[in-house]
Each structure stands twice: as C-alpha cells, then as structure tokens.
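got a predicted structure here, sequence first:
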Amino acid sequence: MTERFSKKPSYDEALECGKTHGETAVRGLRGYAHYGEAPIGQRNDLHDFEAPSGLPSGVRGDATPGSRQSGALAPGIEPDSLSGVVFALEGTEGTTVLLNGPTGCKYYHSSISDSQTFRQFEFDPLNFPLTWYFGQPRVPCTYLDNGDYVYGSERKLEEALEYFGAAPQTGMLCIVNSPGAALIGDDLEGIARRILGDKPFMTLETPGFSEGMCAGFEKAACALADCLADGAADAGADTTGAGAGAGAGERGREATAVNVLGLSLYQRHYAGDVAELRRLLETMGLRVNCMLGAGGSIDEVRALPHAALNIVVHPELGLKTAQHLEERFGTPYFTCDGLPIGFDATERFARSVARLAGADAEPVLAECRDARKRAFSFVSRLNSLTGLPTGVPFAVEGTYSELAAYTEFLLEYLALVPVALVPAFPQADCARGRLQRLLDEAGFADALGRDPDAAAPELFFGSGATIARLRLAGLRFSGVETMLPTLGYLDVVPKTHLGPQGALHLVESVLNGLLF
C-alpha cells in the first residue's frame, strides 16, 4: 500500500484502489477473528483497552407496554407487533391512528411518530388538549381503564368515533385494538360502521403480543393494500407475457412505475433513506409509485396495483407484503441482494432493478465510481499515517439484513473486524442465511450473537439506548446510531446509509469515530 501512496494517484488508480483495498486487507485478516489476534500495524493501539470484568448480562428489558424480550443485550427497547401496526399506519400520509387501549400504549408510539415526521412546530401540550390526545399530536387513544376491561370499551370508543368522524383533519381513520383490548371482544367493525357510516375507516386487531414489530408492520401494510388498492377484485396477473419492464399490460400497469416496500418510520434515518432511494430510482428513469408505510399517501396506496414492479428493501418489513401483493394483484417483486449499503451493494441494487424494470443503471454506477474515488482519498491518507481503519474491531446491532449489509461493507471495503453482531427482532429471520454465509466465508462465525460487553469493540453501530448502556458499563468506543431510539441528535440535514451518498456518510462516521 505504501507504494500506492508515494504519489498522487490518478482517477483510475484511485478507483481501483478503492475497490481492492478492503478486499486485500481482509485476506490478511482471515483467521484473526478476535481483536487481540490482529496483526501489529493493523489495529489501533491508541485505543487499546480491556473490557471491564463483571459486566451485567441478560435479555432486553421492556421499556414500553409494547416491547418484547429477545436477544442477549440488556436493557433496550424492542417494539412488538402493536408498534409495527401503528408505525405502518402512521407512516401513511392522510391517516389518523386511533388506539383503542390505555394511555400507556400511546405515549411511546406518538413520540416516535412525531419525532420522525413533524406535525407541530413547538412542544406545547396545549395544542392538543383534547381527551384522546393527552398533549401529544399523534396516536390518540380511548384511555381504557380497569372497568372497561370488565364491562367493555364501547362507550369510550363511540365518543372517540363521534369526534374523529366529524373532524375534517381526520382523513382515513385507522382503529387499532391494543393486545389487551383485543381480549374484551368488542365488535370494532360494527361499532365503527354504525358511528362513521360511509366515512373511510379500517379496523385492526393486534392480539399477537408475542410477535415482533416486523410481523405487525407487514400485517398493517397488507391490510392497507386490501382496504384501499384499486382493482382489488379484478387485478390479476399480467396476461400479456410482457414481464415487469416491457410494458404496462392489459391490467393498466405503468412500465416505469415501481413500489418500494420494506421501509418504516421506525428506522434511524427514515427521511434520508426515503429521499435517497427515491432519488436513485428516479435517476435510473423510474417513477416511485408508492412507498408503502413510509410516507406513501392514501392515493398512492390506492395506485399500488398500477406499478410494474415491487422493490423490497428490508425483507423483514416487506417480503411477506410483496408476496401478498403478487398473489392479490399479480405484481412481480424483487428482493434486494443485501441492503444497498456500500458501493458494491448499491451497484448490485442498481443493476438488478435496471434489468427487471427496463431502466438505465449507468447514472447510478457513475455516481458510485465518483463516490469511491472520494472515499478512497480520505481512507488512504489515514491508512498511510496510522494503519487505520484496517483491523479495528466493530459490533453491530440490527435486523439480520442490516447486520449482513453493514458487516459486508465494513469488513470487505474498510477491512474492519466484526466481533459482535446482535440481532434485533430475531423472529424475522429471512435474511439470517445470507448473514451466516458471509460470516462463515470470512471466518468470523463466532461474532453472531456475541455480546458487545465481552467483545470490547472500538466501533459500535446500533441504537442510542444500547450505546448509552455500553458507555455506562465502562466501555470505551465510538458509537454510530443506526437504530432507534436515539440519544437525541437532531438531523436537520437528512442522513442516510443507503446508496453512494450513504456509503460516504458511513465512511465519514467510521473515520471520525476512530480519530476523535
């Protein structure tokens, strides 16, 4: 590597170095699965430390009435299926989510929803003093108490429906039964139809308290499509034989229109992810028809069947929905071969979508080449001076698809060493096989499920809550927020880790995390 840095590299040399640096460095790290075994010169001795002994271990603790226990990390917040339902509906523009349940089930969901998509410009509880809002602008509830669980919630539900049915700002009213209220047995559909008449509404039960957030999210996404989508009765498969990218077909599909599935407002960089994916697809000459559960409007949900292709980004949040839409409307779907995190993954994404949708991937590929050049110039300078970032141990918390995507980029491009990978929402394991194959081939299989407390990473990618807990436990590391909840950092400029811009942002976070 030193010979390459003896003179200013040309564009082509920089591009080639950017592609091969991580790959070459990783080959030198094969078998060094633990930080203490990394070769001298490929570790950050300035940040060398031992993890404190006697650190607590356990399972994730409940932080809200809608959280579940799983995994080996404690304590954290892990929403359950109720949260998934609420976030999918709150992520749809033009809806009001009415929660039939106690107030304790609303505060967390309202806070998350409002922090991701603002509906008021000041923190003033008096802006929402009504009985059902309790000072928050999102997710009103019927505030059920002990007596309602014995005698039924019909009276309170009727009062709420009468108000929201008459309120012009309500839009489509989505009535969600909390897990506890689902045990009462009230006829939500019948009560709502009697009070609301022909006003738009939908009802959802959430008895699956033991299910994870991803299952609830997809349940709500499928319910939205079934309730709203045009042509639900007659939108069958495309019988022209033209395929996804060759024409609209006799069912009214638009050849260049795509739906994006598997994004949720319960993602750290929700706004930036949505904007970057939309930009990439439009750069390729495609039109984003609907981002289901991630900012798509009621009208866009109605137009779901008119897209030629459904693109699944996070399979945990969109694969079952895509399968349901294919069965219901005949729309083919594409599941990303790994999230488009990093340059290689983004290029794979662009080529695959272009092939299936008849689009042009070259503008995105050109952007990736330019981004590689810029990233390499910063990585090479730091590496020539300190040997970093090669060999630095890292840990990641996230879904299996997120673990695989971050690990692939950090390991193969930057030659970092995975020492702990903590699954979030482990019930949604559709991407576990891909992660396991990646780790087995790289020689780091023991990182999966290992507790960061014992692994002592120098870089941790996960939720702000876990970052705070690890710091309180005495670990010294740099934390990069990739999940909710956050530590409170305000993203005035939308951030993302997707696409070429997201890869640059991630490289920036890694390099600054090691320097400061």
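Done, it's in.

got the buried residues for stretch 292-299?
Leu292, Gly293, Ala294, Gly295, Gly296 (16 or more other Cβ atoms under 10 Å). For every residue, glycine as well, the C-beta is placed using N, CA and C.

before we move on, what about stretch 88-104?
In stretch 88-104, counting by 16+ other Cβ under 10 Å, buried: 88-92, 95-103.

same check on stretch 265-282?
For stretch 265-282, a neighbour-count test (16+ other Cβ under 10 Å) marks 265-281 as buried.

what residues are up against Val85?
Val176, Leu204, Thr206, Gly216, Phe217, Lys219, Ala220 (Cβ atoms under 8 Å, 6 or more residues apart in numbering).

ok, now with 7 Å
Val176, Leu204, Thr206, Gly216, Lys219, Ala220 (Cβ atoms under 7 Å, 6 or more residues apart in numbering).

hmm, back to that, which ones among the buried residues of stretch 292-299 lie within strands?
Among those, none falls in strands (DSSP state E).

is it possible to get a markdown table of these that adds distance to Gly252 and pLDDT?
Formatted as a markdown table, those follow (distance: Cβ to Cβ, whole Å; pLDDT from 0 to 100):
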| residue | distance to Gly252 | pLDDT |
| --- | --- | --- |
| Leu292 | 19 | 97 |
| Gly293 | 23 | 95 |
| Ala294 | 24 | 95 |
| Gly295 | 24 | 93 |
| Gly296 | 19 | 93 |
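
show me the residues you listed that map onto helices.
Nothing among the buried residues of stretch 292-299 maps onto helices, per DSSP state H.

now the two most distant members of the residues you listed.
Leu292 and Gly295 (9.4 Å; Cβ to Cβ).

can you map out the helices along the stretch 251-400 of the chain?
Shown for the stretch 251-400 of the chain, the helices assigned by DSSP state H, counting those that start in this stretch span residues 270-283, 298-302, 315-329, 343-357, 362-386, 400-412.

ok, so of the buried residues of stretch 88-104, who is nearest Arg287?
Thr92 (19.2 Å).

make sure that closest one is actually in contact with Gly293.
Yes: here Thr92 reaches Gly293: they are 6.3 Å apart, a contact under Cβ atoms under 7 Å.

low-confidence ranges, this protein, go.
Applying pLDDT under 70 to the chain flags the ranges 1-77, 129, 231-251.

would you mind giving the domain segments of it?
11-56+368-515, 81-227, 231-335 (automatic domain parsing).

and those domains as JSON lines, adding distance to Ser352?
Formatted as JSON lines, the domains of the chain follow (distance: least, Cβ to Cβ, whole Å):
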{"stretch": "domain 11-56+368-515", "distance to Ser352": "14"}
{"stretch": "domain 81-227", "distance to Ser352": "22"}
{"stretch": "domain 231-335", "distance to Ser352": "6"}
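
list the contacts for the nearest residue to Leu506 once chain neighbours are set aside?
Distances taken as Cβ to Cβ, 6 or more residues apart in numbering place His497 nearest to Leu506, at 5.1 Å, with adjacent residues excluded. His497 makes contact with His269, Ile341, Thr482, His505, Leu506 under the criterion Cβ under 7 Å, 6+ apart.

repeat that with 8 Å
Contacts of His497 were listed using Cβ under 8 Å, 6+ apart, and they are His269, Asp273, Ile341, Tyr406, Thr482, Ala503, His505, Leu506.

tell me the one among the contacts of Val85 nearest to Leu385.
For these, the residue nearest Leu385 by Cβ to Cβ is Gly216; the value is 48.6 Å.

can you list the buried residues in the helix or strand where the closest one lies?
Assigned by DSSP states H and E, Gly216 falls within helix 213-228. Applying a neighbour-count criterion of 16+ other Cβ under 10 Å, one finds 213-225, 227-228 buried in helix 213-228.

next: stretch 192-211.
Residues of stretch 192-211 classed as buried: Ala192, Ile195, Leu196, Lys199, Phe201, Met202, Thr203, Leu204, Glu205, Thr206, Gly208, Glu211 (neighbour count, 16+ other Cβ under 10 Å).

for it, measure first residue to last.
By Cα to Cα, to the nearest Å, the extent of stretch 192-211 from end to end equals 26 Å.

chain center to that stretch: distance?
Relative to the centre of its chain, stretch 192-211 is centred 26 Å away, using Cα atoms, centre = their mean, to the nearest Å.

name the SS class of Leu144, please.
Using DSSP: H, G, I helix; E, B strand; the rest coil, the structure places Leu144 in coil.

neighbours around it, how many?
22 (other Cβ atoms under 10 Å).

before we move on, what about the one 5 residues further on?
Summarising burial for Tyr149: neighbours were counted as other Cβ under 10 Å, giving 14.

how about Arg287?
Neighbours of Arg287 (other Cβ under 10 Å): 14.

surely it and Ala255 touch.
No: with contact defined as Cβ atoms under 8 Å, Arg287 does not reach Ala255; the gap is 9.7 Å.

my guess is Pro485 meets Thr466, correct?
No: Pro485 is beyond contact range of Thr466, at 9.4 Å (criterion: Cβ under 8 Å).

and these two? Which one has more around it.
Thr466 (26 against 20).

which parts of the stretch 101-250 of the chain are helices?
So, for the stretch 101-250 of the chain - with DSSP H, counting those that start in this stretch - the helices run 107-116, 146-151, 154-166, 188-196, 213-228.

closest to Asp360 out of those helices?
helix 213-228 (29.1 Å).

and the closest one, how far out from the chain middle?
Averaging C-alpha positions (Cα atoms, centre = their mean) puts helix 213-228 16 Å from its chain's average.

and for stretch 293-313?
17 Å.

before we move on, the earlier item: any common contacting residues for Thr92 and Gly293?
The contact lists of Thr92 and Gly293 share Leu224, where a contact means Cβ under 8 Å, 6+ apart.

so which of the domains of the chain is the most packed in?
domain 231-335 (a mean of 21; mean count of other Cβ atoms under 10 Å).

what separates that one from the chain centre, distance-wise?
Offset of domain 231-335 from its chain centre (Cα atoms, centre = their mean): 17 Å.

try stretch 490-498
Distance, centroid of stretch 490-498 to centroid of chain: 13 Å (Cα atoms, centre = their mean).

between the two ends of it, what distance do you get?
Note: stretch 490-498 ends 19 Å apart using Cα to Cα.

again with stretch 449-467
17 Å.

same question, stretch 142-159
Stretch 142-159 end-to-end distance (Cα to Cα) = 9 Å.

for it, give me every contacting residue.
Counting by Cβ under 8 Å, 6+ apart, 98-103, 131-132, 134, 160, 175, 178, 180-181, 183-186, 188, 191, 195 sit against stretch 142-159.

can you check stretch 254-261 too?
Against stretch 254-261 from outside (Cβ under 8 Å, 6+ apart): 221, 245-248, 277-278, 281, 285-294, 304, 306-313, 317-318, 321-322, 325, 331, 333, 353, 357-359.
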